[in-house]
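Enquirer: I need the structure of the sequence given here:
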Amino acid sequence: MQFRFIVSPFLICFLLSGCSLMPNEIKNAEKIVDTYPDSALHILQQTHHSQKLSDADRALYGIVLFKALDKLEKNLQPDSVISFSVNYYQNTNDQLHLAQSYYYKARLLKNTQQFADATKIYLMLMDFAKNNDDLQGKIYSDLGDISIMQIDFRNALKKFKLSYSFFKKTKDAKNTNLKLFDIGRVYRLMKDYKSAKTCFDKLLSTCKDSLVVGLIYQEMGISFYHQTQFDSAKYFLRKSLDYPTRGTNLAIRNYVLADLYFDMNKFDSSTTYALKSLNYPANFITRKECYRILVNSRYSLKDLDHMAIYMIKYQNYTDSVRQFESQTKVSVLEDLHKKEGTTSKFKDYLIIVAAILIGLILIGLLLFFKLHQRNKTKEIALDLANETIVKNQTLLRENLILKIEETKAEKNILFKKLSIPEKDKAIIEIYNQCLKLKYWNEFMALMNQTFNNLIVQLETNYTDLNHKEITWICLFLLDIPLTDMVLILENQTGSIYKLKQRVTQKMNLSSTKELESLLKSM
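Expert: Sure thing, here's the model as predicted:
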(Lines give C-alpha, C1' and ligand atoms only; values in the text may rest on other atoms or scores of the structure.)
Protein backbone atom coordinates (compact mmCIF):
# COMPACT_ATOMS: atom_id res chain seq x y z
CA MET A 1 0.00 0.00 0.00
CA GLN A 2 2.84 2.38 0.85
CA PHE A 3 4.45 1.68 -2.55
CA ARG A 4 1.19 2.61 -4.23
CA PHE A 5 1.12 6.04 -2.63
CA ILE A 6 4.71 6.62 -3.75
CA VAL A 7 4.14 5.52 -7.32
CA SER A 8 0.78 7.20 -7.94
CA PRO A 9 1.98 10.83 -7.74
CA PHE A 10 4.89 9.94 -10.03
CA LEU A 11 2.48 8.54 -12.60
CA ILE A 12 0.28 11.60 -12.37
CA CYS A 13 3.19 13.96 -12.88
CA PHE A 14 4.40 11.94 -15.84
CA LEU A 15 1.01 11.79 -17.50
CA LEU A 16 0.24 15.45 -16.86
CA SER A 17 3.60 16.68 -18.10
CA GLY A 18 2.14 17.96 -21.38
CA CYS A 19 0.88 21.51 -21.74
CA SER A 20 -2.75 20.50 -22.31
CA LEU A 21 -4.96 17.62 -21.24
CA MET A 22 -6.36 16.13 -24.44
CA PRO A 23 -7.40 12.69 -25.79
CA ASN A 24 -4.03 11.07 -25.06
CA GLU A 25 -4.60 11.66 -21.36
CA ILE A 26 -7.93 9.81 -21.55
CA LYS A 27 -6.19 6.81 -23.11
CA ASN A 28 -3.46 6.98 -20.46
CA ALA A 29 -6.16 6.99 -17.75
CA GLU A 30 -7.73 3.92 -19.38
CA LYS A 31 -4.40 2.07 -19.14
CA ILE A 32 -3.96 2.66 -15.40
CA VAL A 33 -7.58 2.68 -14.15
CA ASP A 34 -7.53 -0.99 -13.10
CA THR A 35 -4.39 -0.59 -10.99
CA TYR A 36 -4.54 3.07 -9.96
CA PRO A 37 -8.19 4.20 -10.16
CA ASP A 38 -7.51 7.24 -7.95
CA SER A 39 -4.78 8.47 -10.33
CA ALA A 40 -6.99 7.80 -13.36
CA LEU A 41 -9.81 9.79 -11.76
CA HIS A 42 -7.45 12.69 -11.07
CA ILE A 43 -6.43 12.76 -14.74
CA LEU A 44 -10.04 12.73 -15.90
CA GLN A 45 -11.04 15.47 -13.50
CA GLN A 46 -8.38 17.66 -15.08
CA THR A 47 -9.73 16.93 -18.55
CA HIS A 48 -12.33 19.51 -19.52
CA HIS A 49 -15.30 17.67 -21.00
CA SER A 50 -15.97 20.16 -23.78
CA GLN A 51 -16.40 20.48 -27.55
CA LYS A 52 -12.62 20.07 -27.95
CA LEU A 53 -13.12 16.33 -27.49
CA SER A 54 -14.33 14.27 -30.42
CA ASP A 55 -17.35 12.00 -30.01
CA ALA A 56 -15.05 8.98 -29.79
CA ASP A 57 -13.01 10.59 -27.00
CA ARG A 58 -16.13 11.69 -25.12
CA ALA A 59 -17.48 8.13 -25.28
CA LEU A 60 -14.21 6.67 -23.96
CA TYR A 61 -14.05 9.39 -21.30
CA GLY A 62 -17.45 8.27 -19.95
CA ILE A 63 -16.42 4.60 -19.63
CA VAL A 64 -13.08 5.32 -17.94
CA LEU A 65 -14.68 7.87 -15.58
CA PHE A 66 -17.39 5.45 -14.44
CA LYS A 67 -14.90 2.62 -14.10
CA ALA A 68 -12.69 4.74 -11.83
CA LEU A 69 -15.68 5.91 -9.76
CA ASP A 70 -16.96 2.34 -9.43
CA LYS A 71 -13.60 0.97 -8.28
CA LEU A 72 -13.33 3.77 -5.71
CA GLU A 73 -16.95 3.12 -4.60
CA LYS A 74 -18.02 6.67 -5.37
CA ASN A 75 -21.37 7.79 -6.78
CA LEU A 76 -21.69 7.00 -10.49
CA GLN A 77 -22.64 10.31 -12.11
CA PRO A 78 -23.65 12.12 -14.17
CA ASP A 79 -26.04 9.90 -16.09
CA SER A 80 -25.66 11.97 -19.28
CA VAL A 81 -21.96 11.04 -19.56
CA ILE A 82 -22.43 7.25 -19.63
CA SER A 83 -25.61 7.59 -21.74
CA PHE A 84 -23.53 9.37 -24.39
CA SER A 85 -21.05 6.48 -24.34
CA VAL A 86 -23.84 3.93 -24.78
CA ASN A 87 -25.39 5.84 -27.69
CA TYR A 88 -22.01 6.29 -29.41
CA TYR A 89 -20.87 2.66 -29.19
CA GLN A 90 -24.26 1.38 -30.33
CA ASN A 91 -23.37 2.80 -33.74
CA THR A 92 -19.88 1.28 -33.92
CA ASN A 93 -18.38 -2.19 -34.14
CA ASP A 94 -16.49 -1.74 -30.86
CA GLN A 95 -18.23 -4.53 -28.92
CA LEU A 96 -15.82 -4.37 -25.97
CA HIS A 97 -16.48 -0.71 -25.17
CA LEU A 98 -20.20 -1.14 -25.90
CA ALA A 99 -20.38 -3.91 -23.30
CA GLN A 100 -18.48 -1.75 -20.77
CA SER A 101 -20.77 1.24 -21.34
CA TYR A 102 -23.87 -0.95 -20.92
CA TYR A 103 -22.44 -2.43 -17.72
CA TYR A 104 -21.79 0.93 -16.05
CA LYS A 105 -25.18 2.25 -17.20
CA ALA A 106 -26.77 -0.76 -15.48
CA ARG A 107 -24.66 -0.19 -12.37
CA LEU A 108 -25.85 3.42 -12.18
CA LEU A 109 -29.50 2.32 -12.44
CA LYS A 110 -28.95 -0.40 -9.80
CA ASN A 111 -27.36 2.08 -7.37
CA THR A 112 -30.36 4.41 -7.75
CA GLN A 113 -32.83 1.55 -7.08
CA GLN A 114 -34.13 1.51 -10.67
CA PHE A 115 -33.94 -2.26 -10.55
CA ALA A 116 -36.25 -3.15 -13.43
CA ASP A 117 -34.36 -0.95 -15.92
CA ALA A 118 -31.00 -2.18 -14.59
CA THR A 119 -32.05 -5.81 -14.89
CA LYS A 120 -33.13 -5.38 -18.52
CA ILE A 121 -29.68 -4.05 -19.42
CA TYR A 122 -27.91 -6.83 -17.48
CA LEU A 123 -29.94 -9.48 -19.32
CA MET A 124 -29.23 -7.88 -22.68
CA LEU A 125 -25.55 -7.62 -21.71
CA MET A 126 -25.37 -11.41 -21.33
CA ASP A 127 -25.11 -11.67 -25.14
CA PHE A 128 -21.83 -9.71 -25.00
CA ALA A 129 -20.46 -11.60 -22.01
CA LYS A 130 -20.64 -15.22 -23.20
CA ASN A 131 -16.86 -15.53 -23.49
CA ASN A 132 -16.00 -13.14 -20.65
CA ASP A 133 -16.01 -14.92 -17.28
CA ASP A 134 -15.16 -11.76 -15.33
CA LEU A 135 -18.07 -9.78 -16.81
CA GLN A 136 -20.48 -12.67 -16.29
CA GLY A 137 -19.35 -12.90 -12.66
CA LYS A 138 -20.06 -9.18 -12.17
CA ILE A 139 -23.46 -9.34 -13.88
CA TYR A 140 -24.68 -12.31 -11.84
CA SER A 141 -23.36 -10.65 -8.68
CA ASP A 142 -25.37 -7.48 -9.34
CA LEU A 143 -28.49 -9.51 -10.22
CA GLY A 144 -28.03 -11.33 -6.91
CA ASP A 145 -27.90 -8.00 -5.05
CA ILE A 146 -31.11 -6.87 -6.76
CA SER A 147 -32.86 -10.16 -5.95
CA ILE A 148 -31.98 -9.73 -2.26
CA MET A 149 -33.50 -6.25 -2.28
CA GLN A 150 -36.63 -7.74 -3.87
CA ILE A 151 -36.80 -10.45 -1.13
CA ASP A 152 -36.33 -13.13 -3.80
CA PHE A 153 -33.73 -15.12 -1.87
CA ARG A 154 -33.82 -18.32 -3.92
CA ASN A 155 -33.07 -16.40 -7.10
CA ALA A 156 -30.35 -14.43 -5.27
CA LEU A 157 -28.73 -17.69 -4.13
CA LYS A 158 -28.77 -19.01 -7.69
CA LYS A 159 -27.19 -15.81 -9.04
CA PHE A 160 -24.44 -15.66 -6.39
CA LYS A 161 -23.52 -19.29 -6.99
CA LEU A 162 -23.15 -18.57 -10.72
CA SER A 163 -21.09 -15.46 -9.95
CA TYR A 164 -18.89 -17.49 -7.57
CA SER A 165 -18.22 -20.12 -10.28
CA PHE A 166 -17.20 -17.48 -12.85
CA PHE A 167 -14.89 -15.61 -10.47
CA LYS A 168 -13.35 -18.93 -9.49
CA LYS A 169 -12.55 -19.56 -13.17
CA THR A 170 -10.78 -16.21 -13.40
CA LYS A 171 -8.83 -17.00 -10.19
CA ASP A 172 -10.00 -13.67 -8.76
CA ALA A 173 -9.49 -14.50 -5.07
CA LYS A 174 -11.02 -11.27 -3.74
CA ASN A 175 -14.30 -11.54 -5.64
CA THR A 176 -14.45 -15.32 -5.12
CA ASN A 177 -14.29 -14.78 -1.34
CA LEU A 178 -16.87 -12.00 -1.47
CA LYS A 179 -19.29 -14.20 -3.44
CA LEU A 180 -18.87 -17.07 -0.98
CA PHE A 181 -19.70 -14.53 1.72
CA ASP A 182 -22.79 -13.43 -0.25
CA ILE A 183 -23.90 -17.06 -0.55
CA GLY A 184 -23.61 -17.42 3.23
CA ARG A 185 -25.51 -14.15 3.70
CA VAL A 186 -28.40 -15.42 1.54
CA TYR A 187 -28.53 -18.65 3.53
CA ARG A 188 -28.77 -16.51 6.65
CA LEU A 189 -31.63 -14.49 5.13
CA MET A 190 -33.36 -17.79 4.32
CA LYS A 191 -32.86 -18.76 8.01
CA ASP A 192 -30.69 -21.70 6.98
CA TYR A 193 -28.17 -20.85 9.68
CA LYS A 194 -26.30 -24.14 9.40
CA SER A 195 -25.45 -23.63 5.71
CA ALA A 196 -24.58 -20.00 6.40
CA LYS A 197 -22.16 -21.02 9.16
CA THR A 198 -20.52 -23.56 6.82
CA CYS A 199 -19.76 -20.78 4.31
CA PHE A 200 -18.48 -18.40 6.99
CA ASP A 201 -16.28 -21.05 8.64
CA LYS A 202 -14.74 -21.91 5.27
CA LEU A 203 -13.97 -18.25 4.65
CA LEU A 204 -12.48 -17.67 8.10
CA SER A 205 -10.14 -20.64 7.62
CA THR A 206 -8.78 -19.42 4.26
CA CYS A 207 -9.31 -15.66 3.95
CA LYS A 208 -7.09 -13.15 5.74
CA ASP A 209 -8.69 -10.04 4.21
CA SER A 210 -9.78 -7.89 7.17
CA LEU A 211 -12.67 -6.47 5.13
CA VAL A 212 -14.13 -9.95 4.56
CA VAL A 213 -13.46 -11.02 8.16
CA GLY A 214 -15.40 -7.97 9.37
CA LEU A 215 -18.29 -8.88 7.07
CA ILE A 216 -18.32 -12.44 8.44
CA TYR A 217 -18.45 -11.23 12.06
CA GLN A 218 -21.26 -8.90 11.03
CA GLU A 219 -23.32 -11.74 9.54
CA MET A 220 -22.56 -14.08 12.46
CA GLY A 221 -23.82 -11.40 14.82
CA ILE A 222 -27.02 -10.98 12.79
CA SER A 223 -27.49 -14.78 12.70
CA PHE A 224 -27.21 -15.04 16.48
CA TYR A 225 -29.58 -12.08 16.86
CA HIS A 226 -32.29 -13.75 14.76
CA GLN A 227 -31.80 -16.90 16.85
CA THR A 228 -32.34 -14.71 19.98
CA GLN A 229 -28.86 -15.52 21.26
CA PHE A 230 -28.33 -11.92 22.30
CA ASP A 231 -25.00 -12.22 24.13
CA SER A 232 -23.30 -13.92 21.16
CA ALA A 233 -24.96 -11.48 18.76
CA LYS A 234 -23.69 -8.47 20.72
CA TYR A 235 -20.18 -9.94 20.91
CA PHE A 236 -19.80 -10.46 17.15
CA LEU A 237 -21.55 -7.24 16.12
CA ARG A 238 -19.38 -5.11 18.42
CA LYS A 239 -16.32 -7.03 17.21
CA SER A 240 -17.24 -6.30 13.57
CA LEU A 241 -17.07 -2.56 14.32
CA ASP A 242 -13.29 -2.91 14.75
CA TYR A 243 -12.88 -4.01 11.12
CA PRO A 244 -12.85 -1.90 7.93
CA THR A 245 -16.09 -1.59 6.00
CA ARG A 246 -17.31 -0.64 2.58
CA GLY A 247 -20.62 0.60 1.22
CA THR A 248 -23.50 0.38 3.67
CA ASN A 249 -22.10 -2.23 6.05
CA LEU A 250 -21.20 0.17 8.87
CA ALA A 251 -24.78 1.43 8.89
CA ILE A 252 -26.07 -2.16 8.97
CA ARG A 253 -23.87 -3.12 11.94
CA ASN A 254 -25.06 -0.16 14.00
CA TYR A 255 -28.69 -0.71 12.97
CA VAL A 256 -28.71 -4.35 14.08
CA LEU A 257 -27.05 -3.38 17.38
CA ALA A 258 -29.80 -0.80 17.84
CA ASP A 259 -32.46 -3.48 17.24
CA LEU A 260 -30.66 -5.82 19.62
CA TYR A 261 -30.54 -3.28 22.44
CA PHE A 262 -34.21 -2.45 21.89
CA ASP A 263 -35.13 -6.12 22.34
CA MET A 264 -33.05 -6.08 25.54
CA ASN A 265 -35.10 -3.04 26.73
CA LYS A 266 -32.01 -0.81 26.70
CA PHE A 267 -33.74 2.04 24.93
CA ASP A 268 -31.04 4.70 25.34
CA SER A 269 -28.40 2.41 23.80
CA SER A 270 -30.86 1.47 21.10
CA THR A 271 -31.36 5.15 20.25
CA THR A 272 -27.61 5.82 20.23
CA TYR A 273 -26.83 3.06 17.73
CA ALA A 274 -29.82 3.89 15.50
CA LEU A 275 -28.64 7.51 15.25
CA LYS A 276 -25.09 6.32 14.54
CA SER A 277 -26.38 4.14 11.71
CA LEU A 278 -28.12 7.13 10.13
CA ASN A 279 -24.78 8.97 9.99
CA TYR A 280 -23.34 6.40 7.55
CA PRO A 281 -24.20 5.56 3.92
CA ALA A 282 -27.23 3.24 3.90
CA ASN A 283 -30.05 2.09 1.64
CA PHE A 284 -33.58 3.27 2.30
CA ILE A 285 -34.64 -0.03 3.88
CA THR A 286 -31.96 0.25 6.59
CA ARG A 287 -32.92 3.89 7.20
CA LYS A 288 -36.58 2.95 7.47
CA GLU A 289 -35.75 0.32 10.09
CA CYS A 290 -33.60 2.81 12.05
CA TYR A 291 -36.51 5.23 12.25
CA ARG A 292 -38.78 2.35 13.32
CA ILE A 293 -36.40 1.64 16.21
CA LEU A 294 -36.21 5.34 17.12
CA VAL A 295 -40.00 5.64 17.14
CA ASN A 296 -40.40 2.60 19.38
CA SER A 297 -37.52 3.58 21.70
CA ARG A 298 -38.76 7.12 22.17
CA TYR A 299 -42.28 5.83 22.80
CA SER A 300 -40.95 3.43 25.44
CA LEU A 301 -39.15 6.36 27.11
CA LYS A 302 -42.29 8.56 26.86
CA ASP A 303 -40.39 11.03 24.66
CA LEU A 304 -43.39 11.77 22.45
CA ASP A 305 -41.96 14.94 20.83
CA HIS A 306 -39.01 13.11 19.28
CA MET A 307 -41.19 10.11 18.53
CA ALA A 308 -43.44 12.29 16.36
CA ILE A 309 -40.45 13.60 14.39
CA TYR A 310 -39.10 10.11 13.79
CA MET A 311 -42.56 8.83 12.86
CA ILE A 312 -42.79 11.27 9.96
CA LYS A 313 -39.42 10.16 8.61
CA TYR A 314 -40.34 6.50 9.10
CA GLN A 315 -43.51 7.02 7.06
CA ASN A 316 -41.56 8.72 4.28
CA TYR A 317 -39.20 5.75 3.98
CA THR A 318 -42.15 3.33 4.18
CA ASP A 319 -43.65 5.06 1.13
CA SER A 320 -40.31 4.65 -0.68
CA VAL A 321 -40.27 0.94 0.14
CA ARG A 322 -43.76 0.54 -1.33
CA GLN A 323 -42.67 2.20 -4.57
CA PHE A 324 -39.61 -0.03 -4.66
CA GLU A 325 -41.65 -3.20 -4.04
CA SER A 326 -43.85 -2.39 -7.02
CA GLN A 327 -40.89 -2.87 -9.38
CA THR A 328 -40.81 -6.05 -11.47
CA LYS A 329 -38.62 -8.81 -10.03
CA VAL A 330 -35.46 -10.10 -11.70
CA SER A 331 -36.90 -13.59 -12.20
CA VAL A 332 -39.94 -12.21 -14.06
CA LEU A 333 -37.79 -10.05 -16.32
CA GLU A 334 -35.55 -13.05 -17.04
CA ASP A 335 -38.55 -15.05 -18.23
CA LEU A 336 -39.69 -12.16 -20.41
CA HIS A 337 -36.17 -11.76 -21.81
CA LYS A 338 -36.01 -15.43 -22.76
CA LYS A 339 -39.42 -15.25 -24.43
CA GLU A 340 -38.44 -12.11 -26.35
CA GLY A 341 -35.28 -13.88 -27.53
CA THR A 342 -37.33 -16.87 -28.66
CA THR A 343 -39.80 -14.58 -30.44
CA SER A 344 -36.99 -12.72 -32.23
CA LYS A 345 -35.45 -15.96 -33.45
CA PHE A 346 -38.87 -17.17 -34.51
CA LYS A 347 -39.43 -14.06 -36.66
CA ASP A 348 -36.06 -14.50 -38.36
CA TYR A 349 -36.92 -18.09 -39.03
CA LEU A 350 -40.25 -17.12 -40.65
CA ILE A 351 -38.44 -14.75 -43.04
CA ILE A 352 -36.22 -17.61 -44.19
CA VAL A 353 -39.23 -19.88 -44.58
CA ALA A 354 -41.04 -17.22 -46.60
CA ALA A 355 -38.09 -17.00 -49.03
CA ILE A 356 -37.99 -20.77 -49.40
CA LEU A 357 -41.75 -20.88 -50.04
CA ILE A 358 -41.28 -19.04 -53.33
CA GLY A 359 -39.65 -22.10 -54.89
CA LEU A 360 -40.58 -24.82 -52.45
CA ILE A 361 -44.27 -24.58 -51.59
CA LEU A 362 -44.58 -28.12 -50.36
CA ILE A 363 -41.57 -27.83 -48.06
CA GLY A 364 -42.91 -24.53 -46.77
CA LEU A 365 -46.25 -26.10 -45.90
CA LEU A 366 -44.48 -28.88 -44.05
CA LEU A 367 -42.41 -26.38 -42.05
CA PHE A 368 -45.53 -24.37 -41.25
CA PHE A 369 -47.24 -27.49 -39.94
CA LYS A 370 -44.26 -28.32 -37.70
CA LEU A 371 -44.14 -24.76 -36.37
CA HIS A 372 -47.86 -24.90 -35.64
CA GLN A 373 -47.40 -28.13 -33.71
CA ARG A 374 -44.51 -26.67 -31.73
CA ASN A 375 -46.52 -23.57 -30.77
CA LYS A 376 -49.41 -25.77 -29.73
CA THR A 377 -47.06 -27.72 -27.45
CA LYS A 378 -45.80 -24.44 -25.97
CA GLU A 379 -49.37 -23.29 -25.30
CA ILE A 380 -50.10 -26.54 -23.50
CA ALA A 381 -46.92 -26.13 -21.46
CA LEU A 382 -47.87 -22.52 -20.63
CA ASP A 383 -51.35 -23.59 -19.52
CA LEU A 384 -49.77 -26.23 -17.29
CA ALA A 385 -47.41 -23.63 -15.85
CA ASN A 386 -50.31 -21.25 -15.09
CA GLU A 387 -52.21 -24.12 -13.51
CA THR A 388 -49.20 -24.87 -11.32
CA ILE A 389 -49.02 -21.22 -10.19
CA VAL A 390 -52.70 -21.28 -9.17
CA LYS A 391 -52.18 -24.56 -7.30
CA ASN A 392 -49.18 -23.11 -5.46
CA GLN A 393 -51.20 -20.05 -4.43
CA THR A 394 -54.00 -22.29 -3.16
CA LEU A 395 -51.47 -24.44 -1.32
CA LEU A 396 -50.06 -21.39 0.50
CA ARG A 397 -53.56 -20.50 1.76
CA GLU A 398 -54.35 -24.08 2.76
CA ASN A 399 -51.03 -24.44 4.57
CA LEU A 400 -51.71 -21.27 6.56
CA ILE A 401 -55.20 -22.48 7.53
CA LEU A 402 -53.74 -25.88 8.44
CA LYS A 403 -51.10 -24.22 10.61
CA ILE A 404 -53.84 -22.39 12.56
CA GLU A 405 -55.88 -25.55 13.01
CA GLU A 406 -52.85 -27.59 14.08
CA THR A 407 -51.89 -24.93 16.63
CA LYS A 408 -55.43 -24.99 18.01
CA ALA A 409 -55.35 -28.78 18.16
CA GLU A 410 -52.06 -28.74 20.07
CA LYS A 411 -53.60 -26.51 22.73
CA ASN A 412 -57.00 -28.25 22.79
CA ILE A 413 -56.29 -30.03 26.08
CA LEU A 414 -55.11 -26.78 27.64
CA PHE A 415 -58.34 -25.04 26.55
CA LYS A 416 -60.45 -27.40 28.65
CA LYS A 417 -58.73 -26.15 31.80
CA LEU A 418 -59.20 -22.45 30.99
CA SER A 419 -62.01 -20.09 31.84
CA ILE A 420 -63.88 -18.45 28.94
CA PRO A 421 -61.87 -15.18 29.12
CA GLU A 422 -58.63 -17.15 29.33
CA LYS A 423 -59.69 -19.32 26.41
CA ASP A 424 -60.52 -16.23 24.34
CA LYS A 425 -57.12 -14.76 25.14
CA ALA A 426 -55.42 -18.02 24.14
CA ILE A 427 -57.26 -18.09 20.80
CA ILE A 428 -56.16 -14.53 20.06
CA GLU A 429 -52.56 -15.49 20.89
CA ILE A 430 -52.75 -18.41 18.42
CA TYR A 431 -53.77 -16.07 15.63
CA ASN A 432 -51.09 -13.56 16.63
CA GLN A 433 -48.53 -16.34 16.45
CA CYS A 434 -49.68 -17.77 13.09
CA LEU A 435 -50.63 -14.54 11.28
CA LYS A 436 -48.29 -11.97 12.91
CA LEU A 437 -51.32 -9.79 13.69
CA LYS A 438 -49.44 -7.63 16.19
CA TYR A 439 -46.90 -6.53 13.59
CA TRP A 440 -48.57 -4.92 10.62
CA ASN A 441 -45.56 -5.11 8.27
CA GLU A 442 -45.05 -8.82 8.92
CA PHE A 443 -48.79 -9.52 8.65
CA MET A 444 -48.95 -7.54 5.39
CA ALA A 445 -45.97 -9.43 3.93
CA LEU A 446 -47.53 -12.79 4.85
CA MET A 447 -50.92 -11.90 3.35
CA ASN A 448 -49.34 -10.46 0.18
CA GLN A 449 -47.45 -13.71 -0.28
CA THR A 450 -50.52 -15.86 0.42
CA PHE A 451 -53.02 -13.89 -1.67
CA ASN A 452 -50.95 -12.63 -4.61
CA ASN A 453 -50.19 -9.09 -3.31
CA LEU A 454 -53.76 -8.60 -2.11
CA ILE A 455 -52.95 -5.86 0.43
CA VAL A 456 -50.87 -3.96 -2.15
CA GLN A 457 -53.89 -4.03 -4.48
CA LEU A 458 -56.29 -2.94 -1.73
CA GLU A 459 -54.08 -0.06 -0.52
CA THR A 460 -53.51 1.07 -4.10
CA ASN A 461 -57.11 0.89 -5.38
CA TYR A 462 -59.09 1.53 -2.19
CA THR A 463 -57.22 4.11 -0.17
CA ASP A 464 -60.10 4.62 2.32
CA LEU A 465 -59.73 1.12 3.77
CA ASN A 466 -58.08 1.08 7.20
CA HIS A 467 -55.94 -1.66 8.76
CA LYS A 468 -58.85 -3.21 10.65
CA GLU A 469 -60.95 -3.50 7.50
CA ILE A 470 -58.06 -4.96 5.52
CA THR A 471 -57.44 -7.43 8.36
CA TRP A 472 -61.11 -8.52 8.18
CA ILE A 473 -60.77 -9.09 4.42
CA CYS A 474 -57.77 -11.38 4.97
CA LEU A 475 -59.55 -13.27 7.78
CA PHE A 476 -62.57 -13.70 5.51
CA LEU A 477 -60.43 -15.15 2.71
CA LEU A 478 -58.83 -17.54 5.22
CA ASP A 479 -62.33 -18.74 6.23
CA ILE A 480 -61.71 -17.79 9.85
CA PRO A 481 -64.83 -18.58 11.94
CA LEU A 482 -67.01 -15.62 12.89
CA THR A 483 -66.53 -16.29 16.59
CA ASP A 484 -62.76 -16.03 16.16
CA MET A 485 -63.11 -12.88 14.03
CA VAL A 486 -65.03 -11.24 16.86
CA LEU A 487 -62.17 -11.94 19.26
CA ILE A 488 -59.41 -10.90 16.85
CA LEU A 489 -61.08 -7.65 15.79
CA GLU A 490 -62.40 -6.94 19.29
CA ASN A 491 -65.95 -6.48 18.00
CA GLN A 492 -69.41 -7.85 18.61
CA THR A 493 -71.02 -10.18 16.06
CA GLY A 494 -73.28 -7.38 14.82
CA SER A 495 -70.31 -5.04 14.51
CA ILE A 496 -68.59 -7.49 12.18
CA TYR A 497 -71.56 -7.28 9.83
CA LYS A 498 -71.46 -3.47 9.98
CA LEU A 499 -67.72 -3.57 9.26
CA LYS A 500 -68.46 -5.74 6.23
CA GLN A 501 -71.03 -3.20 5.02
CA ARG A 502 -68.49 -0.37 5.42
CA VAL A 503 -65.98 -2.28 3.33
CA THR A 504 -68.67 -2.83 0.68
CA GLN A 505 -69.36 0.91 0.53
CA LYS A 506 -65.68 1.90 0.45
CA MET A 507 -65.08 -0.51 -2.44
CA ASN A 508 -68.06 1.04 -4.33
CA LEU A 509 -70.05 -2.21 -4.42
CA SER A 510 -73.81 -2.66 -4.22
CA SER A 511 -74.02 -5.68 -1.92
CA THR A 512 -71.98 -7.82 0.45
CA LYS A 513 -72.41 -10.78 -1.92
CA GLU A 514 -70.76 -8.75 -4.65
CA LEU A 515 -67.98 -7.91 -2.16
CA GLU A 516 -67.36 -11.59 -1.36
CA SER A 517 -67.22 -12.47 -5.05
CA LEU A 518 -64.76 -9.65 -5.81
CA LEU A 519 -62.45 -10.54 -2.91
CA LYS A 520 -62.28 -14.18 -3.95
CA SER A 521 -61.49 -13.19 -7.52
CA MET A 522 -58.67 -10.92 -6.32
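
Enquirer: what's near enough to touch the residue nearest in space to the middle of the chain?
Expert: The geometric centre of the chain, computed from its C-alpha atoms, lies nearest to residue 149 (CA atoms, centre = their mean), at 1.3 Å. Residues near residue 149 by CB atoms under 8 Å, 6 or more residues apart in numbering: 113, 115, 283, 285, 324. All C-beta spots, glycine's among them, are computed from the backbone N, C-alpha and C.

Enquirer: of the residues you listed - the most surrounded one?
Expert: If you count neighbours using other CB atoms under 10 Å, the busiest of the contacts of residue 149 is residue 115, which has 23 neighbours.

Enquirer: just checking, it touches residue 146?
Expert: Yes - contact criterion CB atoms under 8 Å: residue 115 and residue 146 qualify, at 4.8 Å.

Enquirer: show the pLDDT at residue 348.
Expert: With respect to pLDDT, residue 348 scores 57.

Enquirer: ugh, wrong one, residue 380
Expert: Residue 380 is assigned a predicted lDDT (pLDDT) of 79.

Enquirer: helix/strand/coil for it?
Expert: Secondary structure, DSSP: H, G, I helix; E, B strand; the rest coil: residue 380 is helix.

Enquirer: so what's the residue count around it?
Expert: Neighbours of residue 380 (other CB under 10 Å): 10.

Enquirer: cool, residue 362 as well?
Expert: Residue 362 is surrounded by 8 other residues when neighbours are defined as other CB under 10 Å.

Enquirer: quick one: contacts for it?
Expert: Taking CB under 8 Å, 6+ apart as the definition of contact, residue 362 has no neighbours.

Enquirer: coming back round to it: just give me the closest of the contacts of residue 149 to residue 441.
Expert: residue 285 (11.4 Å; CB to CB).

Enquirer: is the closest one in a helix, a strand, or coil?
Expert: Secondary structure assignment for residue 285 (three-state DSSP): helix.

Enquirer: measure it to residue 316 for me?
Expert: Counting by CB to CB, to the nearest Å, the separation of residue 285 from residue 316 is 13 Å.

Enquirer: quick check: buried residues in the helix or strand that contains residue 422?
Expert: Assigned by DSSP states H and E, residue 422 belongs to helix 420-435. Under the neighbour-count criterion of 16 or more other CB atoms under 10 Å, helix 420-435 has 423, 427, 428, 430, 431, 434, 435 buried.

Enquirer: just send these back as TSV, with pLDDT and distance to residue 299 too.
Expert: As requested, these are exported to TSV (pLDDT from 0 to 100; distance: CB to CB, whole Å):
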residue	pLDDT	distance to residue 299
423	80	31
427	84	28
428	84	23
430	85	27
431	84	24
434	86	26
435	84	24
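
Enquirer: save these as a markdown table, and put in distance to residue 416 too.
Expert: Written out in a markdown table, the entries for those read as follows (distance: CB to CB, whole Å):
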| residue | distance to residue 416 |
| --- | --- |
| 423 | 9 |
| 427 | 14 |
| 428 | 18 |
| 430 | 15 |
| 431 | 20 |
| 434 | 21 |
| 435 | 24 |
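
Enquirer: ok, residue 264 touching residue 231?
Expert: No - applying CB under 8 Å as the test, residue 264 and residue 231 come out as separate, 9.8 Å apart.

Enquirer: looking at those two, which one has more neighbours?
Expert: Each of residue 264 and residue 231 has its neighbours counted (other CB under 10 Å); residue 264 has more, 14 against 8.

Enquirer: test my guess that residue 90 contacts residue 99.
Expert: No - no contact is recorded between residue 90 and residue 99 when judged using CB under 8 Å, the distance being 11.4 Å.

Enquirer: so for those two, which sits in the more crowded spot?
Expert: Using other CB under 10 Å as the criterion, residue 90 and residue 99 rank with residue 99 on top: 17 against 11.

Enquirer: who's in contact with the host helix or strand of the more buried one?
Expert: Residue 99 is part of helix 95-111 when elements are defined by DSSP H and E. If you take CB under 8 Å, 6+ apart as the criterion, helix 95-111 is touched by 59-60, 62-63, 66-67, 70, 75-77, 79, 82-83, 85-86, 88-90, 92, 115, 117-118, 121-122, 124-125, 128-129, 132, 135, 138-139, 142, 145-146.

Enquirer: just the buried residues out of those, in ChimeraX syntax.
Expert: Here is the ChimeraX command that picks out the buried ones among the contacts of helix 95-111, judged by 16+ other CB under 10 Å:
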select :59,60,62,63,66,67,70,76,82,85,86,88,89,115,117,118,121,122,125,128,129,132,135,138,139,142,145,146
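
Enquirer: the contacts of helix 95-111 in helices, which ones?
Expert: Assigned to helices by DSSP state H, the following of these qualify: 59-60, 62-63, 66-67, 70, 79, 82-83, 85-86, 88-89, 115, 117-118, 121-122, 124-125, 135, 138-139, 142, 145-146.

Enquirer: so residue 37 touches residue 72, yeah?
Expert: Yes - using CB under 8 Å, residue 37 makes contact with residue 72 at a distance of 5.2 Å.

Enquirer: of the two, who's got more company?
Expert: Set side by side, residue 37 and residue 72 show more neighbours around residue 37, with 20 against 11, by other CB under 10 Å.

Enquirer: got the domain ranges for this protein?
Expert: 1-108, 393-521 (automatic domain parsing).

Enquirer: how about the helices of the stretch 301-450 of the chain, start to end?
Expert: Residue ranges of the helices in the stretch 301-450 of the chain, as given by DSSP state H, counting those that start in this stretch, are 304-325, 330-359, 361-410, 412-416, 420-435, 440-450.

Enquirer: packing partners for the fifth one?
Expert: In terms of contacts (3 or more CB pairs under 8 Å, 6 or more residues apart in numbering; DSSP states H and E), helix 420-435 is packed against helix 361-410, helix 412-416, helix 482-489.
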